[in-house]
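Trainee: generate a structure from the sequence data that follows.
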Amino acid sequence: MLHTEVKTALSAPFKLKVQTTRLTSEQFVHLCQENRDLRFELTAQKELVIRPPTGSESGWRSGEIFFALTAWAKKDGSGLSFDSSTGFTLPNGAIRSPDASWVRREQWRALTPEQRAGFAPLSPSFVVELRSPSDQLATLQEKMQEYSDNGVQLGWLIDPSEKRVHVYRPGQPVESKDNPATLSGDPVLPAFVLDLHPLW
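Mentor: Got it, this is the predicted structure:
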């Protein structure tokens, strides 16, 4: 019984409070480098979010999304796509890692080489979060709202278990789509269309 409980606890994201520890950005970078099998995020409230490796099915779905986004980005040429291992420092101080994201080329060029090498201080124009079986929907919804509040122009929260997508745009109500066949990135990502059939 104890083995099952420990396994369940380690398969889900959990948080550690590090506000009084005064974890610096440099220390956070070192922590990530020394624990490459885990994904770390730092909330604006200075909570360290620790995520175990992604399950195989979620990893495959995430790869499908990233592949489609990258193929479009290469053809469009106006920005760069990033995978789930990429961290960004948002204006509120949080360091977040979307499952897939896209940054306009002019944003990227405005960064120094040092900023590019670290957790780039910017909000992507577009982010995707893919809900895995261990993810709490409410936690992901808070994260998506944080993206929107910090300048992300378009966000998709994809929930394969419910065959539902929540679409986030600044200043607009969240739009929920049940069992959509495709998603359009217009106007933020012109002509980008994600086929959702393989993900369901």
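Trainee: and residue 22, backbone torsions?
Mentor: Torsion angles at residue 22 (phi, psi; degrees, to the nearest 10) stand at phi 60, psi 50.
Trainee: just residue 128 next, same as before
Mentor: Torsion angles, degrees, to the nearest 10, at residue 128: phi -130, psi 130.
Trainee: that one against residue 84, yeah?
Mentor: No. Using Cβ atoms under 8 Å, residue 128 is not in contact with residue 84, being 9.2 Å away. C-beta coordinates here come from the backbone N, C-alpha and C atoms, glycine included.
Trainee: any shared contact partners between those two?
Mentor: 98-100 (Cβ atoms under 8 Å, 6 or more residues apart in numbering).
Trainee: among those, which are in strands?
Mentor: residue 100 (DSSP state E).
Trainee: now the shared contacts of residue 128 and residue 84 as a markdown table including distance to residue 178, pLDDT and neighbour count?
Mentor: Output for the shared contacts of residue 128 and residue 84, formatted as a markdown table (distance: Cβ to Cβ, whole Å; pLDDT from 0 to 100; neighbours: other Cβ atoms under 10 Å):
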| residue | distance to residue 178 | pLDDT | neighbour count |
| --- | --- | --- | --- |
| 98 | 23 | 97 | 24 |
| 99 | 21 | 96 | 26 |
| 100 | 22 | 98 | 27 |
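Trainee: using JSON lines, lay out the shared contacts of residue 128 and residue 84 together with distance to residue 110.
Mentor: Below are the shared contacts of residue 128 and residue 84 laid out as JSON lines (distance: Cβ to Cβ, whole Å):
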{"residue": "98", "distance to residue 110": "20"}
{"residue": "99", "distance to residue 110": "25"}
{"residue": "100", "distance to residue 110": "22"}
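Trainee: low pLDDT regions in the chain?
Mentor: In the predicted model of the chain, residues 1-12 satisfy pLDDT under 70.
Trainee: recalculate using a threshold of 90.
Mentor: 1-55, 85, 133-135 (pLDDT under 90).
Trainee: quick one, helices of it?
Mentor: Taking DSSP state H, the helices of the chain run over residues 2-11, 25-34, 56-76, 105-109, 113-117, 137-149.
Trainee: let's have the ones you listed in a markdown table, adding mean neighbour count.
Mentor: Shown next, in a markdown table, are the helices of the chain (neighbours: other Cβ atoms under 10 Å):
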| stretch | mean neighbour count |
| --- | --- |
| helix 2-11 | 9 |
| helix 25-34 | 13 |
| helix 56-76 | 16 |
| helix 105-109 | 12 |
| helix 113-117 | 10 |
| helix 137-149 | 17 |
